[in-house]
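Asks: What follows is a predicted protein model with its sequence.
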Amino acid sequence: MKKSRFTETQIVKAIKAHEAGRKVEEICREMEVTPTTFYKWKQRYGGMEASEVKKLKELQEENSRLKRMYAELSLVHEALKDAVSKKL
């Protein structure tokens, strides 16, 4: 996954500025992003605080780590099953 140039805090700050009344065009020009990108951010992070976004990222990382662990254990289990079935 491509790493963003902006931190979650910066994204939330931009969304809050829009909610406070600034125009999307101004914010996009300042941050050098397209309005499409801004609206994607708003869809994903709208209504969240910076701490909540940080916690969300941590949970996503932990979830991917657990999925990798499960995949590795599943492969080992299948290999052991094959080895036992060949011996019998």
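Replies: Ah, there it is. Numbers count the residues shown, from 1 in each chain.

Asks: Let me know the distance separating His18 from Asp82.
Replies: 57 Å (C-beta to C-beta, to the nearest Å). In short, each C-beta sits where N, CA and C put it, glycine included.

Asks: Who has more neighbours out of the two?
Replies: His18 (19 against 10; other C-beta atoms under 10 Å).

Asks: next one: the longest helix along the chain to chain centre, how far?
Replies: As assigned by DSSP state H, the longest helix anywhere in the chain is helix 50-87. Taking C-alpha atoms, centre = their mean, to the nearest Å, one finds the center of helix 50-87 at 18 Å from the center of the full chain.

Asks: Which strands and helices lie in contact with it?
Replies: Contact here means 3 or more C-beta pairs under 8 Å, 6 or more residues apart in numbering; DSSP states H and E; on that basis helix 50-87 packs against helix 8-19.

Asks: could I have the helix it packs on exported to PDB, CA atoms only?
Replies: Provided in PDB are the C-alpha atoms of helix 8-19 (Å, rounded to 0.1, in the frame of the first residue of the first chain):
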ATOM      1  CA  GLU A   8      -3.600  11.400  10.000                       C
ATOM      2  CA  THR A   9      -3.400  14.500  12.100                       C
ATOM      3  CA  GLN A  10      -3.000  16.700   9.000                       C
ATOM      4  CA  ILE A  11      -5.900  15.000   7.300                       C
ATOM      5  CA  VAL A  12      -8.200  15.400  10.300                       C
ATOM      6  CA  LYS A  13      -7.100  19.000  10.600                       C
ATOM      7  CA  ALA A  14      -8.000  19.700   6.900                       C
ATOM      8  CA  ILE A  15     -11.400  18.000   7.400                       C
ATOM      9  CA  LYS A  16     -12.100  20.100  10.500                       C
ATOM     10  CA  ALA A  17     -11.100  23.300   8.600                       C
ATOM     11  CA  HIS A  18     -13.700  22.400   6.000                       C
ATOM     12  CA  GLU A  19     -16.300  21.800   8.600                       C
END
